[in-house]
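> coords please:
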Amino acid sequence: MSNPPLSFGRKLLFSFTAILVLLAIVVIIGEVIVRVKFAEQYKKNPLMPPYDTAEKDDYLGWKMKPGYTWSGEMLDANKQPYNINIRYDQNGFKAFGDTAAAQPKVLFLGDSYTASIEASNERTFYNILADSLDFEVFAYGHAGYSTLQEYMVLDKWVDTIKPDLVVWETCSNDFIDNYAQLEIVCGYKVGQRRPYLDRDGSIFYRRPLNMWQRLKEPIWFFRWMNDRWDGVKQNATKQENRVGEYYIATEKRNFPPYDEAVRRTERIVAMIRERLPASTKLIAFSADIYEPQMSEMKRIFEANGAAFYEDPARRLEETQLQQNIALKAIDNCHWNENGQAVIAAGLLPHLREILKSDIHQSKL
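Prediction:
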């Protein structure tokens, strides 16, 4: 007796299952080949000192490793060596003065530029300023930090330090760090679980990766396929593949993810001002000069009553160009010890005026 013919539904299910099995075989074979042939290209090497400072943290996402220290040789942008000796206290601060001191207390907050792993402690811009102006210096930063993560550090420590002045270091990546959907489409990525400010003012946590980006992490074959597809598109269109930074620069606030990132940043900076006592002065400065990010950040801080300074970063770029000297480390981004001195010189007149006038008067 012959078997009855398969129904259309069972034929469809069989075909679908066969396709899935075939795709799985292709992926498995492709994965083996890629891992053998392209291991050096795709394997993730552990970060070497002094770039291994991050420790996962449920509250902040990540933080400076307690008591992190390192001494060794760093290269500047011209690949010339210089020696550094860096140390952070048990709470991750690179500078933590006397909270009971009579002189003004200044708290510096920021990201990798404030963490300053490229400079010895005594040669960071904030310690240079403290030596010149005689104030108690406190400084905390970490690579990849968003404005919200910096706010959360402030929220934890402001009542202990009771700063007279808070100096906020910003950079163009802050907008990307402040909004997951913008980071997903940008070339710059931290890609780690971090806190974000929701539209209703609550804080939530997520990794800023879409499904395809998550799949590419464990499956190298997908990375290989993605690289080949990008190459095909580039050859077909005769232009580089465009990422979020291109649209930020060209479309500005007309680029929806950037527009939303600016809105979230506005709310975070307002939270910063609200968290500080009325007597505490707040100022900010940019670590780089990319537009439209710097002008946008200037507008946001000034709308919250904080002076915003562009001149330290502009001074560094002009000095480096005019004098043809390296003021940045090997990554050609972060300041080496000579660059730290230029940034300090750019901030010096502003802090001197604030410390002599506003803060001095408040202590009388």
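
> May I have the phi/psi pair for residue 203?
The phi and psi torsions at residue 203 (degrees, to the nearest 10) take the values phi -110, psi 130.

> since we're on it, how many residues are nearby?
Residue neighbour count, defined by other Cβ atoms under 10 Å, stands at 12 for residue 203. All C-beta atoms are positioned from the backbone trio N, CA, C, and that covers glycine.

> Tell me how far it lies from residue 332.
Counting by Cβ to Cβ, to the nearest Å, the gap between residue 203 and residue 332 amounts to 34 Å.

> Nearest residue to the middle of this structure?
Averaging the C-alpha coordinates of the chain gives a centre point, and the residue nearest to it by Cα atoms, centre = their mean is residue 144 (2.5 Å).

> The closest residue to that one other than its chain neighbours: what secondary structure?
Leaving aside its chain neighbours, residue 144 sits nearest to residue 190 (4.1 Å; criterion: Cβ to Cβ, 6 or more residues apart in numbering). Using DSSP: H, G, I helix; E, B strand; the rest coil, the structure places residue 190 in coil.

> now do the one 5 residues further on
Using three-state DSSP, the secondary structure recorded for residue 195 is strand.

> Identify the residue nearest it in space, chain neighbours excluded?
With sequence-adjacent residues excluded and distances taken as Cβ to Cβ, 6+ apart, residue 195 is closest to residue 203, at 5.0 Å.

> go on, residue 230?
Leaving aside its sequence neighbours, residue 230 is closest to residue 241 (5.3 Å, by Cβ to Cβ, 6+ apart).

> Please report the number of neighbouring residues for the residue nearest to residue 144.
The local packing of residue 190 (other Cβ under 10 Å) involves 19 other residues.

> List the contacts of the strand or helix carrying residue 153.
In this structure, residue 153 sits in helix 147-161 according to DSSP states H and E. By Cβ atoms under 8 Å, 6 or more residues apart in numbering, the residues outside helix 147-161 that reach it are 59-61, 91, 99, 105, 107, 109-111, 138, 140-142, 166, 168, 170, 174, 177-178, 194-197, 203, 265, 268-269, 271-272, 275-276, 280.

> Next step: those residues restricted to helices.
For the contacts of helix 147-161, the ones inside helices are 174, 177, 265, 268-269, 271-272, 275, with DSSP state H as the criterion.

> And the furthest pair within these?
The two members of the ones in helices among the contacts of helix 147-161 with the most space between them (Cβ to Cβ) are 177 and 275, at 19.1 Å.
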